[in-house]
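Q: show me the folded form of this:
(2 chains)
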Amino acid sequence: MSDIDFVGLLSFVPAILRVTTPILLAALGVLISDRAGVLNIGVEGMMLSGAFAGVVASAATGSAAAGLVAAIIVGGMLGAVLAGAVHILKADLILSGIALNIAAAAGTTLLLFLMTGDKGMSGSLASQVLPKITIPVIADVPVLGTLLSGHHILTYVAFLAVPGVGIFLTRTPLGLRLRAVGESPESAAIAGINVVRVQVMALIVSGAFAGTGGAFLSMGYVSWFSQDMSAGRGFIALAAEVMGHGSASGTMFASLLLGAAEAIAVALQGRGLPSELMQTVPYIVPVIALVVYARRRQRLLARA
Amino acid sequence: MIRSALASFVITAVLLVVVVGIVLVPIAMHMPDPLAVLDMFVFGPFRNPRHTGNIIEMATPGMMCGLAVAIMLRAGMFNLGVEGAFFLGGLATVATVLLVPLPGWAMAPVGLAVGAVVGSSVCAVPGLLRARYDASELVSSLMLNFAALFIGLFIVNYFLRDPTAGAMVSYKIPNDARLPRLVAGTRIHLGTIIAVAGCLLGAVYLFMTRAGFESRIVGLNPAFAAHLGLPIRWILLRSQLIGGLIAAGAGGIEMLGLYQRFSWQGLPGNGWTGVVVAILARDNPILLIPAALFLSYLQVGGDLISRNFDVPNEAVGLIQALVLLVVTSSAIMRNPRLLRLVSGRKAAANKTPGPKVAEGSAA
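A: The predicted model follows:
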């Protein structure tokens, strides 16, 4: 590989990380919910609501951090709502998630209109942007600097959360209980685990992750909220989690793959290729990946 | 049994009123004249034949998308490709009508047939992947919805776009291809009759044919179906093929019935409405007709208040979401006390028909 190619690829890294961040954050949320046996389909709506809450709260307080906190709280609250729908109303999990997505799309537009008189954009709200972080010494090292420094604060949060979630799920008593509940709620209940409490907690944490991902959308590089701005990223996160086979690192690699697909698609758009076709790439890659994984699983099963 | 089934109807009806009230009353209170807003929402759609016609026009895609969802849900498939199939079906129909030289009388039938087949791929591919590789149809259909959207926009932009029109829309759909209008003064078109007939045929398919019976067995109890030696993979695929064809056909009918040009810039949302319709109708094809009419009545009411007062019609989306939630809530729908209260006697709670959604099928 020539030097130019390497430099070209290296310049892609920040773009890939940028696109991956919201997907990874949401996918980690999906992972926690899925391992607890309550797959969070509402992740799309939670992201959208988080993005909206971040803009509104940061505009109201003038503080980006307050916006982030609001996004996390709103995401968590919606997780609690979904948990309530499943455990108190005893509604179907998937359908409640779909209902949450419909409600979030309608609700954010409605509130945006009531607050600004505009249905499409939050341009009139003076919302804040979360900062980028430059790591002092490493930033000056040639290759390492591009790889490690100068990214968005939530990008660091997302990638540091990967080992965090991984250790939580596999190495802590609570994580073990959570996985037990996801594996077999009946057996977990017999073993004395409070299944409802674990699942409620998992959905709240899942929502908080989705809300953080949403905050990145509206406060990461832009300072506005627009109607349906999550644009299916929650669903991509869902696909990333399924591709990741239930592990935090797998989810991270899958998110990176999908993020890279999207970043490359965006880069190729500039070269005269039809932008519409490029935009299909992040949605087709997960389908292909799902098939590849499913085939491998089938072969493993056949061999066993 | 009849009384307990009736009880479920009564509870549903009361819940719907409550849900509409919960969303609408606070919004109306924000307005200078709350009563006028509520009055417009509830009675407005019936004051003018054109608006009453709107209810029926809007219910047409609702019935068909609901039917598509119901047929797939009955087989236990959570295939959400209905949204994409509807979009792509509409686009492929318009593309066929515009690009293929056809005699006038053949335009609509050939266009709709091509649209149905092409559009159904959004449901069929996830079905195929599920049947062949056991890949989750839920996730792949969600992804393919967006893939269908962008492929569709590409086709509009590069092959169908009318450069003289300001926006990114197709050339005009020829008059010969349009579906005939049925009632003067409204836009009710032939598609409504097709949709109603489709729901009736759907009932025949699900409850009176071997194929429908097989799909219900697979949906209710896959282990039992396997024990019987039924070809489960083929049955699942067949349900999703049928669902996809119906949803995509609905998209084509919508285009030829109501539109001058193909003008969708995003997924139109009819597929999600179809999910709500199907759930409200308890996956019963006959009940799809009133369920779709009710939801489009809400939509027309919402459009009316958004046009006459400063209320965005997104309120209807909130109502739809709540309907979906409340109607699937077995804590409410199968509450023994509530059932006893409504039916006036000790109804066995577990015998009342409830939402038959395969729980955990996505796991």
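Q: what segments of chain A are helices?
A: A:3-35, A:43-61, A:64-87, A:93-116, A:142-148, A:153-171, A:173-183, A:185-190, A:195-219, A:233-243, A:248-269, A:275-303 (DSSP state H).
Q: got the contact list for the nearest residue to residue A:125 once chain neighbours are set aside?
A: Nearest non-adjacent residue to residue A:125, counting by Cβ to Cβ, 6 or more residues apart in numbering or on different chains: residue A:59, 3.9 Å away. To be clear about C-beta, it is placed using only N, CA and C from the backbone, and glycine gets the same treatment. Residues in contact with residue A:59 (Cβ atoms under 8 Å, 6 or more residues apart in numbering or on different chains) are A:67, A:122, A:125, A:126, A:127, A:128.
Q: and residue 258, what's its pLDDT?
A: Unless you meant another one, I'm taking chain A. Here the pLDDT value assigned to residue A:258 is 88.
Q: think we crossed wires, I meant chain B
A: Here the pLDDT value assigned to residue B:258 is 93.
Q: what's the closest of the contacts of residue A:59 to residue B:202?
A: Using Cβ to Cβ, residue A:122 is the member of those that sits closest to residue B:202, with 43.3 Å.
Q: pull the number of nearby residues for residue B:131.
A: 19 (other Cβ atoms under 10 Å in any protein chain shown).
Q: which element is it on?
A: Residue B:131 belongs to helix B:104-133 when assigned by DSSP states H and E.
Q: any buried residues in that helix, and which?
A: Across helix B:104-133, burial judged by 16 or more other Cβ atoms under 10 Å in any protein chain shown covers B:107-108, B:110-131, B:133.
Q: can you flag the buried ones in the contacts of residue A:59?
A: A:67, A:122, A:125, A:127, A:128.
Q: contacts only, for the residue of chain A found nearest chain B.
A: Across chain A, no residue is closer to chain B than residue A:106, which sits at 2.7 Å (Cβ to the nearest Cβ). Going by Cβ under 8 Å, 6+ apart, residue A:106 touches B:314, B:315, B:316, B:317, B:318, B:320, B:321.
Q: per-residue confidence for it?
A: Note on residue A:106: pLDDT of 90.
Q: likewise the one 5 residues further on?
A: According to the prediction, residue A:111 has pLDDT 88.
Q: the closest residue to it other than its chain neighbours: neighbour count?
A: Closest residue to residue A:111 apart from its sequence neighbours, by Cβ to Cβ, 6+ apart: residue A:52 at 7.0 Å. A count of neighbours around residue A:52, defined by other Cβ under 10 Å, yields 31.
Q: for chain B, which spans come out with low pLDDT?
A: B:1-5, B:343-363 (pLDDT under 70).
Q: which single residue of it ends up nearest chain A?
A: For chain B, Cβ to the nearest Cβ, closest residue to chain A: residue B:317, 2.7 Å.
Q: once you drop chain neighbours, what's closest to that residue?
A: residue A:106 (2.7 Å).
Q: what residues does the stretch 51-200 of chain B put near chain A?
A: B:78, B:80, B:125, B:129, B:133-136, B:138-140, B:142-144, B:146-147, B:150-151, B:153-154, B:157-158 (Cβ under 8 Å from any Cβ of the partner chain).
Q: write out the residues of the stretch 201-304 of chain A neighbouring chain B.
A: Counting by Cβ under 8 Å from any Cβ, the residues of the stretch 201-304 of chain A near chain B are A:228, A:232, A:235-236, A:238-239, A:242, A:274, A:276-277, A:279-280, A:283-284, A:286-287, A:290-291, A:293-295, A:297-298.
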